[in-house]
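Participant: test case, fold it:
(chains A and B)
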Number of protein chains: 2
Amino acid sequence: MKRTMYAGDVRSENIGQTITLKGWVGRRRDLGGLIFIDLRDREGIMQLVINPENVSEDLMKDAESLRNEYVIEVTGEVVERASANNNIPTGQVELAVNELTILNTAKTTPFEIKDDVTVNDDTRLKYRYLDLRRPEMLKNFKLRHQITKSIRHYLDDLNFIDVETPVLTKSTPEGARDYLVPSRISEGHFYALPQSPQLTKQLLMNAGFDRYYQIVKCFRDEDLRGDRQPEFTQVDLETSFLSEQEIQDITEGLLAKVMKETLNVDVTLPFPRMAYNDAMNFYGNDKPDTRYEMKLQDLTELAKTVDFKVFAEAPVVKAIVAKGAADKYSRKDIDKLTDFAKDFGAKGLAWVKVDNDQLTGPIAKFLTDKTADFLEELSAENGDLILFVADELDVANTTLGALRGRLAKELDLIDNDKFNFLWIIDWPMFEYSEEEGRYMSAHHPFTLPTEDTAHYLESDLEKVRAVAYDIVLNGYELGGGSLRINKRELQERMFTALGFTADEAKDQFGFLLEALEYGFPPHGGLALGLDRFAMLLAKKDNIREVIAFPKNNKATDPMTEAPSLVSDKQLAELSLSVEEKNKD
Amino acid sequence: MKRTMYAGDVRSENIGQTITLKGWVGRRRDLGGLIFIDLRDREGIMQLVINPENVSEDLMKDAESLRNEYVIEVTGEVVERASANNNIPTGQVELAVNELTILNTAKTTPFEIKDDVTVNDDTRLKYRYLDLRRPEMLKNFKLRHQITKSIRHYLDDLNFIDVETPVLTKSTPEGARDYLVPSRISEGHFYALPQSPQLTKQLLMNAGFDRYYQIVKCFRDEDLRGDRQPEFTQVDLETSFLSEQEIQDITEGLLAKVMKETLNVDVTLPFPRMAYNDAMNFYGNDKPDTRYEMKLQDLTELAKTVDFKVFAEAPVVKAIVAKGAADKYSRKDIDKLTDFAKDFGAKGLAWVKVDNDQLTGPIAKFLTDKTADFLEELSAENGDLILFVADELDVANTTLGALRGRLAKELDLIDNDKFNFLWIIDWPMFEYSEEEGRYMSAHHPFTLPTEDTAHYLESDLEKVRAVAYDIVLNGYELGGGSLRINKRELQERMFTALGFTADEAKDQFGFLLEALEYGFPPHGGLALGLDRFAMLLAKKDNIREVIAFPKNNKATDPMTEAPSLVSDKQLAELSLSVEEKNKD
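Facilitator: Okay, the predicted model is just below:
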């Protein structure tokens, strides 16, 4: 029989209709001779009732054999439910079954198929097909699809062309670590999986496509953490002839449309803009969560006026004020915060509480004379906890930024219904990497420097600013973009600034340098992290909740056991052999 | 200045407006002191006119410096064109330029940027960004985007959920050769790039997603030819609880919508259906081009009645009749056809021509007595060329099928405006592979055998039929699908039939066997080759014309030179070393 509708869609208006449903046995209860079954399908749960007075003995026998997760087909009449269940949308009705077919049986599942069940991560992944049967998971994937649908409709309407770019690309050492794919035809040669289609989309601008988009898989072979996966999905845009403002406008329109069409949330446009330096100085973070205050405050000048060596000798003294938190943090709690601060490179954490217009705590005595000044400058009041870091500017910012985030969670300051979008603009072009011992691109080497700072490329890399912009949502970097270099000479200077010799630049990016000589238009774009965006809209804290078959934190799939050993024949065809590392 | 509109979109109704355009210099002509420029952008070409009487000397100097492919921004008034050009949509108007900015210069391009330019394939790929500037190429990618847009809208409306499946998957030896991706974290272990998301989408059905789709990259490391690339794109569908007829109906609706929305072609539904055996017997091909006749005819019985040893001893004698082709094929031409036939395994090619109700040609003398019978049985007439193959059935079918295709091209029998869709149904489950010395799946090992032939799994694999269906368009396999096995016991029998030991089955597909025990619903689906579909709608004969950055036939990208050598450090991190093969 053909299914009439989804079980989850049956409503009072269907009463009296004979319908056929197909789905899974969610729960069976035998009550007063009747058998009640929660039939589950993609759209929800619907109660079936099987009454021995109305059905054959054979059917009753089948019904009695039903276990959880059996797949069944039932036909019957929709009737009003005696005792309505207002917790589910189908709660006004039930199906009086008169036909039943068992389409498949099921063993006892390793965990129950329902929301809020506690299962360890690898078990969830090993039986992902069961994990995904949980209504909450299915909901995440419907949401994710609605997000991409809204994005596509928006970009299609703006004349963006969806173009697929290659997955088998060239490895370039700049950036994160590439996943490599050995070539069988060219011995000893490797493709790389793209970290992003950055250069490819730029070349599409050179080809005159004018507006490109793609929702595309990208790959980075890095160690994993909660919001990272070996493969992730990017909403990738590129445009020709537009200003950074115009690209940001397009992005804002896109995000506003998605928010409206998925969560029915109206966001205010334009989004606020914050300079990178302000983000670091006020939030200690280049992706600040502005759903709560507790900004970083600079007390360097005032701190020099008190007789406290730690303050006097530090390059900067900065603080955050946790409103009303004095009572909530014992000395022991604050010791934990101090350890946390040290993880971020701070030498220590100074603190005072405000009580009865006085400062208390170990360093209070040094500040007594200036209590009023401190309270005024910090806008601190009785009951507040004040945390100070006296250190290099970077360390003070990063540490207090991290403390700000931790305290906000602990003090429950975060409104989970808020969606705070924010542009971070006015980026530095370079970051000094201690690890590499050289300046690296803060974004990537194709980013356009601002006109008024480009001349520092040969003199002072700290001063070069980028025409770049990141979009932040609730403390997460949702995406980033920039205008790009479209002239060979400037691109060569950029490579030189990054320490490339002319030969290295040509070897790795010769095709780009050549392309820049053939009428490459001014262009720029942006990429959004789709997994992260879907995660935030689903109000989850791990992107695995919005990826159908993610890897675990060892980059392994516990279900298929990928990656796996391969045959000698496969290796021989690729001219490869595996070298066992020295075990230690 | 902001661009007002695309150059290609300017029309008579814009006359009198002052507009700004941005694009590429397509051609410059200096005529009677005026400078005429064809400005090209994504939407077309528009004539600019620069009149020294109306502009500054500086602007004139800039205008005189313009070369092909310079990128410019111009502002001016749209005016009526003195001599209209009815060959282009903007031909009624021109832009009287009063502002000009050169945004970028260009070297002389290695080939001219226009349609129908003859360039060798590797040069096109090396300068792909220039190749793609040609209006015809851009048109292909707009078409491709329109195809995917129509597909998505159709499937979205039918409640299919777009779900992304992993690119880093497990290698399975069954099927084509995998591209491998070495794992850095699990030494000596490899991911494989998916040949299709077959098992993943089946698991999504097990997860209750009910209707899944994805437009997804797939990968096969095989030697390349015209319509193959290392990576290709599949429109991938899977559904639960539907019959093969219902899945075919959904597919037909999808294809009809695409045809209407891209080429405004109305196709007749339902598509014709042809059994696999009929396709082989009448067309010598499992993807017959039905835009022309010239079917294969079986003459075995009649051929036994004449005194010609070749015919009498052959298992079958089959023929095709090329209507009116007698005059067009000399003996020399037919010798070429004979060589061609031998490539397909035929021992030879017999032929006669029909002239004045008589047969002529080397074997005519053997048939003279039965001329009328042959002519009647073959429906052959004066002026026809008849080609015979006397051989094993397979060889006769394949050879005559290939000859049929070749003759149709040479005789110009193919109507390029026709789009003949066709279902091939009633497939054998297995094909015997001479190379492997065993039976292999004609589709894949997860295909459901028909109920009435499944019992042959243990006795006669030739007799097992599959619930499978291929969709054919104009002689190309556009896609294929099937119902799938949803019970462990049957899947195990299938693996056994394919020669797997229980351990091998468990090792490679244990996760599937386990999944089949937890209420796996009945399910089935289909996959369409998007590149091939786009190629056919664009009326091209190579999928490279609809792939932005394809590989050449050595699986290399001449632009970036991928695949390339990688650093020792990269190899060491993957515990790999390259073994040089013995050169011969």
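Participant: any weak-confidence spans in the stretch 151-300 of chain A?
Facilitator: A:226 (pLDDT under 70).
Participant: does A:Ile424 really touch A:Ala279, like I thought?
Facilitator: Yes. Taking Cβ atoms under 8 Å as the definition, A:Ile424 is a contact partner of A:Ala279 at 5.4 Å. Using the backbone N, CA and C atoms, a C-beta is placed for each residue, glycine as well.
Participant: shared neighbours, those two?
Facilitator: Overlap of the contact sets of A:Ile424 and A:Ala279 (by Cβ atoms under 8 Å, 6 or more residues apart in numbering or on different chains) consists of A:Asp286, A:Lys287.
Participant: burial of the closest residue to chain B within the stretch 251-400 of chain A, as a residue count?
Facilitator: Closest contact between the stretch 251-400 of chain A and chain B, by Cβ to the nearest Cβ, is at A:Glu261 (12.5 Å). Residues within reach of A:Glu261, counting by other Cβ atoms under 10 Å in any protein chain shown, total 16.
Participant: can I assume it sits in a helix?
Facilitator: Yes. Secondary structure of A:Glu261 (DSSP: H, G, I helix; E, B strand; the rest coil): part of a helix.
Participant: nearest residue to it other than its sequence neighbours?
Facilitator: With Cβ to Cβ, 6 or more residues apart in numbering or on different chains as the criterion, A:Glu261 has its nearest non-adjacent residue at 4.4 Å, and that residue is A:Ser150.
Participant: who touches whatever helix or strand that neighbour lives in?
Facilitator: Using DSSP states H and E, A:Ser150 maps to helix A:135-157. Contacts with helix A:135-157, where a contact means Cβ under 8 Å, 6+ apart, come from A:40, A:42, A:44-45, A:114-116, A:131-132, A:162, A:211, A:213, A:215, A:235, A:237, A:253-254, A:257-258, A:261-262, A:530, A:533-534, A:537-538, A:540, A:545-546, A:548, B:149, B:152, B:156, B:161-163, B:207-209.
Participant: now do the helices in the stretch 401-550 of chain A.
Facilitator: Along the stretch 401-550 of chain A, counting by DSSP state H, counting those that start in this stretch, helices occupy A:488-497, A:502-515, A:530-537.
Participant: who wins for proximity to B:Asn416 among those helices?
Facilitator: B:Asn416 lies closest, by Cβ to Cβ, to one member of these: helix A:502-515, at 35.3 Å.
Participant: now the end-to-end length of stretch A:316-333.
Facilitator: The first residue of stretch A:316-333 is 25 Å away from its last residue (Cα to Cα, to the nearest Å).
Participant: how far off centre is that stretch?
Facilitator: When distances are taken as Cα atoms, centre = their mean, to the nearest Å, stretch A:316-333 is centred 29 Å away from the chain's centroid.
Participant: average pLDDT for it, rounded please.
Facilitator: Average pLDDT, stretch A:316-333: 96.
Participant: buried sites along that stretch?
Facilitator: Neighbour counts over stretch A:316-333 (16 or more other Cβ atoms under 10 Å in any protein chain shown) mark A:Val316, A:Val317, A:Lys318, A:Ala319, A:Ile320, A:Val321, A:Ala322, A:Lys323, A:Ala325, A:Ala326, A:Tyr329 as buried.
Participant: which among those residues gets closest to A:Glu477?
Facilitator: Nearest to A:Glu477 among those: A:Ile320, at 21.7 Å, using Cβ to Cβ.
Participant: hmm, the closest one is touching A:Leu407, no?
Facilitator: Yes. Using Cβ under 8 Å, A:Ile320 is in contact with A:Leu407, at 7.4 Å.
Participant: next up, the contacts around A:Leu478.
Facilitator: Contacts of A:Leu478 by Cβ under 8 Å, 6+ apart are A:Phe421, A:Ile471, A:Val472, A:Leu528, A:Gly529, A:Arg532, A:Phe533, A:Leu536.
Participant: could you tell me how many residues sit around the second one?
Facilitator: Using other Cβ under 10 Å, A:Ile471 is surrounded by 25 other residues.
Participant: what sits closest to A:Val354 if chain neighbours are left out?
Facilitator: A:Asp384 (4.8 Å).
Participant: now A:Arg177
Facilitator: A:Asp221 (4.3 Å).
Participant: surely the one you found forms part of a helix?
Facilitator: No. The assignment for A:Asp221, made by three-state DSSP, is coil rather than a helix.
Participant: so it sits right up against A:Asp178, yeah?
Facilitator: Yes. If you go by Cβ under 8 Å, A:Asp221 and A:Asp178 touch, sitting 6.4 Å apart.
Participant: where along the stretch 351-500 of chain A do the strands fall?
Facilitator: Counting by DSSP state E, counting those that start in this stretch, the stretch 351-500 of chain A has strands at residues A:358-360, A:385-391, A:421-428, A:430-433, A:438-441, A:465-473, A:476-483.
Participant: could you check the lengthiest strand in chain A and say which residues are buried?
Facilitator: Counting by DSSP state E, the longest strand found in chain A is strand A:18-31. By neighbour count on 16+ other Cβ under 10 Å, the buried set for strand A:18-31 is A:Ile19, A:Thr20, A:Leu21, A:Lys22, A:Gly23, A:Trp24, A:Val25, A:Gly26, A:Arg28.
Participant: packing partners of that strand?
Facilitator: Secondary-structure packing of strand A:18-31 (3 or more Cβ pairs under 8 Å, 6 or more residues apart in numbering or on different chains; DSSP states H and E): strand A:34-41, strand A:44-50, strand A:71-80, strand A:93-104.
Participant: need these in CSV with distance to chain B, can you?
Facilitator: Converted to CSV, the helices and strands packed on strand A:18-31 look like this (distance: least, Cβ to the nearest Cβ, whole Å):
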stretch, distance to chain B
strand A:34-41, 7
strand A:44-50, 11
strand A:71-80, 5
strand A:93-104, 5
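Participant: to B:Arg493, which of these lies closest?
Facilitator: Closest approach to B:Arg493 among those (Cβ to Cβ): strand A:93-104, 16.5 Å.
Participant: could you dump the closest one to CSV, C-alpha only?
Facilitator: Extracted in CSV, the C-alpha atoms of strand A:93-104 (Å, rounded to 0.1, in the frame of the first residue of the first chain):
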residue,chain,number,x,y,z
VAL,A,93,-6.0,11.7,17.3
GLU,A,94,-5.1,8.0,17.1
LEU,A,95,-5.2,5.4,14.3
ALA,A,96,-7.6,2.5,14.8
VAL,A,97,-5.5,-0.1,13.0
ASN,A,98,-7.2,-2.7,10.8
GLU,A,99,-4.2,-3.8,8.7
LEU,A,100,-0.6,-4.4,9.9
THR,A,101,2.4,-5.5,8.0
ILE,A,102,5.8,-6.0,9.6
LEU,A,103,8.3,-4.7,7.0
ASN,A,104,11.4,-5.4,9.1
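Participant: just how off-centre is the next helix or strand after it within its chain?
Facilitator: For strand A:93-104, the following helix or strand on the C-terminal side (DSSP H and E) is helix A:121-126. Here helix A:121-126 is found 20 Å from its chain centre; the criterion is Cα atoms, centre = their mean.
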